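**Q** my questions concern the predicted model and sequence given below.
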There are 2 protein chains.
Amino acid sequence: MTQDATTGRMGRPARTSRDEILRAARIVIDRDGWQKLTIRALGKELGVGAATIYHHVRDREDLLIQLLVEHAGRSIDVSLPEEPEARILAAAVAIRDTLAALPWATEVLATDGFLARLGGRAVQMVEAIVATAIAAGASQEDAVALFRNIWYLTVGEIQVRARTDSRPEARDARASRFADLDAEATPALASIGEQWVAWAAHDTYADGVASIIAGTLRRSG
Amino acid sequence: MTQDATTGRMGRPARTSRDEILRAARIVIDRDGWQKLTIRALGKELGVGAATIYHHVRDREDLLIQLLVEHAGRSIDVSLPEEPEARILAAAVAIRDTLAALPWATEVLATDGFLARLGGRAVQMVEAIVATAIAAGASQEDAVALFRNIWYLTVGEIQVRARTDSRPEARDARASRFADLDAEATPALASIGEQWVAWAAHDTYADGVASIIAGTLRRSG
DNA sequence: ACCTGAACACCGTTCAAGT
DNA sequence: ACCTGAACACCGTTCAAGT
């Protein structure tokens, strides 16, 4: 565990370790962007063959998850307010903000047990959402449903924003599409016109989550 | 346009057309699954070189979008109830059901202007959501925010469900993860335990959308 | 105009062989 | 144990050349 590959003082020093792989992966991501993080590029960065990576991570997805565990498990802010709706909202926003800052997360995000795999504080946020909903009068099943709807909104928001941000050309194409709208068939959209693009840049995530929380708690209690 | 490649009666008959490409693409998807739909496989199916495909579609994404336009533009059910909240909900469910039935949609779904690109009835569903919200008292900006939050929930739900369904191994792994939960750190999750997996199979999409609608309209009017 | 083979520049993953 | 080169089985896309 404490073996240092740079000194290599054991009989058969490991030239690579899980920690070194994750460190190299972060270097590649920071320097070249996460899309460039391939097993082969990672091997090159470490000065080892691509095949070597497979002695330390199961596959590419495992690598990405491990990277996320390191980051998300630690960096989520855990101070949550007491009032139930505000508390659930704050937990959701913490999850969203953390994952949105890790753009390579989008690739592995869309799995139902994803946050459980991250462990650490990510799971504590899920616990906060579910436990608070139950304390506020929701059934266990409704609390799970609440979490899942929040999770769907979160995945969608992160995914759409990541895609939109990473291809600015689409922005102009989108604007012109709104200008072409037929005022007969789609009057509301036509009258909104190009304002859509500007409004779409606003962050409405918290509003969406707040609505889902209020809707669920109203039905339950 | 009406030229038939099988008779080839023009001087230089086209061996392939946009329609033939889309037809072949559907055959590959139905027979081998949408993951197998590559430009190369499509060329093989048509008996032409992969390079030929590029004379008729711009790239792989364009192919997928065109496939979706054909399908989603037509098959969305357009009979919507009159009552505002029910109307918006029905439009959202129509979009979700249509896209969820087209699993290859997940690959191109996460773009902000996506439904506009689909055109046809897909845009009419967006119009229905936005126009109904405005008629019910929402500002144009709130109506756009409402649509976007519904859209995020939709993208997330489709994406997560598609991923979960396509890898049943994850199901068992998930169940065992819940069994391992620490009753001290996460009492609510621990007491739910393996029931989570069963509850996660329930469709809570409509509840989520209904909450978002109610929340937005309550704030506005 | 339409189509071709060949090439470019990659992927993730496996595996027999070496040290 | 750990690491290697080489191979397997692919990708999307471009382009000079043919008909």
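**A** Arrived safely. Please read all numbers here as calculations on a predicted model, not as lab measurements.
**Q** what stretches of chain A score poorly on pLDDT?
**A** Residues of chain A meeting the criterion pLDDT under 70: A:1-16, A:112, A:168-171, A:221.
**Q** which helix runs longest in it?
**A** Longest helix of chain A, by residue count under DSSP state H: helix A:140-165.
**Q** how close does A:Asp182 sit to B:Val126?
**A** 13 Å (CB to CB, to the nearest Å). Using the backbone N, CA and C atoms, a C-beta is placed for each residue, glycine as well.
**Q** centroid-nearest residue for chain A?
**A** Nearest to the mean C-alpha position of chain A, by CA atoms, centre = their mean, lies A:Leu99 at 3.0 Å.
**Q** show me what the host helix or strand of that residue is packed against.
**A** A:Leu99 belongs to helix A:84-100 when assigned by DSSP states H and E. Packing partners of helix A:84-100 (3 or more CB pairs under 8 Å, 6 or more residues apart in numbering or on different chains; DSSP states H and E): helix A:60-75, helix A:120-135, helix A:140-165, helix A:205-220.
**Q** among these, which is nearest DNA strand C?
**A** helix A:60-75 (3.9 Å; CB to the nearest atom of the strand).
**Q** which other helices and strands contact the longest helix of chain A?
**A** helix A:84-100, helix A:106-109, helix A:120-135, helix A:205-220, helix B:140-165, helix B:187-192, helix B:195-199, helix B:205-220.
**Q** tell me the contacts of the nearest residue to A:Arg219 once chain neighbours are set aside?
**A** In space, and not counting its chain neighbours, A:Arg219 is closest to A:Asp142: 7.1 Å by CB to CB, 6 or more residues apart in numbering or on different chains. Going by CB atoms under 8 Å, 6 or more residues apart in numbering or on different chains, A:Asp142 touches A:133, A:216, A:219-220.
**Q** go again with 7 Å.
**A** Counting by CB atoms under 7 Å, 6 or more residues apart in numbering or on different chains, A:Asp142 touches A:133, A:216, A:220.
**Q** so which of those wins on neighbours?
**A** Among these, the one with the most neighbours (other CB atoms under 10 Å in any protein chain shown) is A:Ala133, at 29 neighbours.
**Q** is it true that it touches A:Leu146?
**A** Yes. A:Ala133 is within contact range of A:Leu146, at 5.2 Å (criterion: CB atoms under 7 Å).
**Q** show me the common contact partners of those two, please.
**A** Common neighbours of A:Ala133 and A:Leu146 are listed as A:Thr216 (criterion: CB under 7 Å, 6+ apart).
**Q** quick revisit: got the angle between the longest helix of chain A and helix B:140-165?
**A** 110 degrees (axes from the mean of the first three to the mean of the last three CA atoms, to 10 degrees).
**Q** give me the contacts around the helix or strand just after helix A:140-165.
**A** Next helix or strand after helix A:140-165 toward the C-terminus (DSSP H and E): helix A:169-179. Helix A:169-179 has contacts (CB under 7 Å, 6+ apart) with A:164, A:193-194, A:196-197, B:111-113, B:116.
**Q** let me see the domain layout of chain A.
**A** As assigned by automatic domain parsing, chain A contains the domains A:2-57, A:78-220.
**Q** ok so, going back, quick check: of the contacts of helix A:169-179, which lies closest to B:Ala201?
**A** The nearest member of the contacts of helix A:169-179 to B:Ala201, counting by CB to CB, is B:Thr111 at 28.3 Å.
**Q** now for the closest one, how many residues are close by?
**A** Using other CB under 10 Å, B:Thr111 has 20 neighbouring residues.
**Q** got it, and the one 5 residues further on?
**A** When neighbours are counted by other CB under 10 Å, B:Ala116 registers 20.
**Q** surely it is in contact with B:Val123?
**A** Yes. Between B:Ala116 and B:Val123 there is a contact at 6.2 Å, judged by CB under 7 Å.
**Q** what residues does chain A have near DNA strand C?
**A** A:36, A:38-41, A:50-51, A:54, A:59-61 (CB under 7 Å from any atom of the strand).
**Q** the residues you listed: which ones sit near DNA strand D?
**A** Applying CB under 7 Å from any atom of the strand to the residues of chain A next to DNA strand C, those adjacent to DNA strand D are A:50-51.
**Q** just the ones of the residues of chain A next to DNA strand C in helices?
**A** Among the residues of chain A next to DNA strand C, the ones falling in helices (DSSP H) are A:39-41, A:50-51, A:60-61.
**Q** save those residues as a markdown table, and put in distance to B:Glu85 and neighbour count too.
**A** Converted to a markdown table, these look like this (distance: CB to CB, whole Å; neighbours: other CB atoms under 10 Å in any protein chain shown):
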| residue | distance to B:Glu85 | neighbour count |
| --- | --- | --- |
| A:Ile39 | 49 | 16 |
| A:Arg40 | 52 | 11 |
| A:Ala41 | 50 | 15 |
| A:Ala50 | 54 | 14 |
| A:Ala51 | 57 | 10 |
| A:Arg60 | 44 | 16 |
| A:Glu61 | 40 | 12 |
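**Q** ok, the nearest residue to A:Gly113 once chain neighbours are set aside - how many residues close by?
**A** Of all residues not flanking A:Gly113 in the chain, B:Arg174 sits nearest, at 3.9 Å (CB to CB, 6+ apart). When neighbours are defined as other CB under 10 Å, B:Arg174 has 21 of them.
**Q** how near is B:Arg174 to B:Ala198?
**A** For B:Arg174, the distance to B:Ala198 (CB to CB) stands at 11 Å.
**Q** and A:Val197, by the same measure?
**A** Shown here: A:Val197 relative to B:Ala198, a distance of 42 Å by CB to CB.
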